[in-house]
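*Asks:* requesting a structural model of the entry that follows:
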Amino acid sequence: MSFCDTIWQDVAPLRRAILAQPFLAELADGSLPTESFRHYMLQDSLYLAEYARVLAIAAARAPTAAGRLEFSDGAKVAVQVEQALHQAFFVQFGVTPEMARQAEATPACLGYTSYLASLAATRSYEELIAGILPCFWVYWEVGCDIKPRAVSPNPYAAWIDTYAAPSFGEATDRVRALVGEAAASATPTTRAAMATAFRNATRYEWMFWDSAYRRETWPI
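*Replies:* Modelled structure (predicted):
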């Protein structure tokens with residue numbers, strides 16, 4: 001079994017917990033409170049700004065042309081998506097420029113982005129890209145899971161369509177292939193570290209949606 005197949009099975013309980021999130025269930029049936037989705041959008045905008053930086057570092061560290069191209073393109077898309085949030089979703093869901101300027105990363109958002117930044121700054125390229133992968137792969141699974149059961153019309157249809165789109169699945173496949181290629185030539189110790197990075201990032205994915213549903217703020 002390939003490295004990616006193994007770690008995907010390893011996090012199966014986490015993936016089931018993500019798909020069972022009330023945030024996603026209510027997003028699919030259109031009943032998710034606007035306030036929760038607004039909270040998610042603001043945090044996602046902050047996340048994407050930092051994720052783009054991490055992808056750019058991965059591109060700079062990539063040992064192959066394919067890796068440099070994929071991660072540099074990914075960084076560009078993350079910036080474009082962040083800008084699109086301001087132009088479309090923010091307008092649709094009543095996020096004002098002032099709200100966007102004043103938004104502060106929640107513990108879940110700051111924890112996730114700081115973890116990825118620490119991988120980029122202090123760990124191997126292999127660990128870094130393993131930590132990057134869940135943001136692609138988990139979202140692709142979520143999009144594919146929600147799309148068939150989403151009600152129509154749905155106020156969140158554009159979000160659902162984005163992550164269920166074949167083009168997003170193709171991007172996921174390319175990043176997964178890069179991680180598999182890196183794992184194939186890595187030592188057992190490095191592969192174990194890659195699995196830990198993938199698992200931790202998947203945990204943060206669960207935490208991100210949970211915090212959005214609860215509209216998490218700092219407790220003190």
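
*Asks:* what strand or helix carries residue 32?
*Replies:* With the criterion set as DSSP states H and E, no secondary-structure element contains residue 32; it sits in neither a helix nor a strand.

*Asks:* okay, now it: neighbour count?
*Replies:* Neighbours of residue 32 under the rule other Cβ atoms under 10 Å: 21. For the C-beta atoms, the positions are set from N, CA and C on the backbone; glycine is no exception.

*Asks:* and for residue 193?
*Replies:* Other residues near residue 193 come to 19 when the count uses other Cβ under 10 Å.

*Asks:* so which strand or helix has it?
*Replies:* Per DSSP H and E, residue 193 falls inside helix 188-214.

*Asks:* helices or strands up against that helix?
*Replies:* For helix 188-214, the elements it packs on are helix 3-10, helix 12-19, helix 22-29, helix 34-61, helix 107-122, helix 125-146, helix 166-184, judged by 3 or more Cβ pairs under 8 Å, 6 or more residues apart in numbering; DSSP states H and E.

*Asks:* between helix 188-214 and the third one, find me the angle.
*Replies:* Here helix 22-29 runs at 60 degrees with respect to helix 188-214, directions being taken by axes from the mean of the first three to the mean of the last three Cα atoms, to 10 degrees.

*Asks:* what are the buried residues along helix 22-29?
*Replies:* Under the neighbour-count criterion of 16 or more other Cβ atoms under 10 Å, helix 22-29 has 23-24, 26-28 buried.

*Asks:* could you do the longest one as well?
*Replies:* Within helix 34-61, the residues scored as buried using 16+ other Cβ under 10 Å are 36-48, 50-59, 61.

*Asks:* helix 125-146 and that helix, what's the angle between them?
*Replies:* Computed by the same axes, to 10 degrees, the angle separating helix 34-61 from helix 125-146 equals 150 degrees.
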